[in-house]
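my questions are about this predicted structure, shown below with the sequence.
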Amino acid sequence: MGAGRWNSTHELLRLQDRLNRMFGPSLDDDDEMVSGQWTPPCDIIETADAVVLRAELPGVREEDIEIHVEGGLLTLRGEKEFEKRTDRSYHRIERAYGSFMRTFTLPRTVDAEGISANYERGVLELTMPKRSETRPRQIRIDVKD
């Protein structure tokens with residue numbers, strides 16, 4: 001599975017967001033500081049039977065996550081909203097908020113129809129089974145006397 005599509009505009013926006021957080025608006029403008037895009041970290045693991053993708057999405061509600069497979073691409077998309085409370089004064093906001101999107105190229109060995117998703121404790125896990133013809137199998141030897 002590829003590392004995902006590189007999107008220069010997205011990467012520039014992330015850099016700009018980081019610079020804005022360092023040198024940008026004061027905490028009085030925290031609406032600007034907590035909006036934008038972020039990139040959830042993902043692990044990709046391969047087993048004999050499947051490829052497993054785990055994405056860290058802390059604070060994202062299950063209903064705010066979309067998973068699409070089309071044309072050999074797997075896309076994760078969603079949003080984590082900042083819930084500003086007026087009974088608090090925010091001194092530092094470092095957690096990422098806003099929309100996210102990750103796109104991965106599916107290997108030809110994956111059966112896209114069999115993909116399943118599980119979401120537990122802020123970690124989305126996609127299990128993508130390998131096609132049966134691409135799984136390793138052992139061939140038994142019949143011994144004739």
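Happy to help now that I have it.

contacts for stretch 126-138?
48-55, 67, 74, 106, 108-112, 114-118 (C-beta atoms under 8 Å, 6 or more residues apart in numbering). C-betas here are computed from N, CA, C, even on glycine.

so which of these belong to strands?
Per DSSP state E, strands hold the following members of the contacts of stretch 126-138: 50, 51, 52, 53, 54, 55, 67, 74, 116, 117, 118.

buried ones among these?
By neighbour count, with 16 or more other C-beta atoms under 10 Å, the ones in strands among the contacts of stretch 126-138 hold 50, 51, 53, 54, 55, 74 as buried.

these: which two are farthest apart?
Pairwise distances across those peak at 15.8 Å for 50 and 55 (criterion: C-beta to C-beta).

how much space is there between residue 73 and residue 55?
15 Å (C-beta to C-beta, to the nearest Å).

in the protein, where is pLDDT below threshold?
Applying pLDDT under 70 to the chain picks out residues 1-7, 10, 17, 20-35, 134-135.

recalculate using a threshold of 50.
1-2, 25-30, 33 (pLDDT under 50).

just list whatever residues bridge to the residue nearest the centre of the chain.
Centroid-nearest residue in the chain: residue 55, 4.4 Å away (criterion: C-alpha atoms, centre = their mean). Beta bridges link residue 55 to residue 42, residue 124, judged by DSSP bridges.

likewise for residue 75?
As assigned using DSSP bridges, the partners bridged with residue 75 are residue 68, residue 103.

can I assume it is in contact with residue 68?
Yes - Residue 75 is in contact with residue 68 according to C-beta atoms under 8 Å; the separation is 4.6 Å.

helices along the chain, start to end?
For the chain, applying DSSP state H gives helices covering 8-23, 30-33.

and the ones in strands among the contacts of stretch 126-138, which is closest to residue 39?
Nearest member of these to residue 39, counting by C-beta to C-beta, is residue 55, at 10.0 Å.
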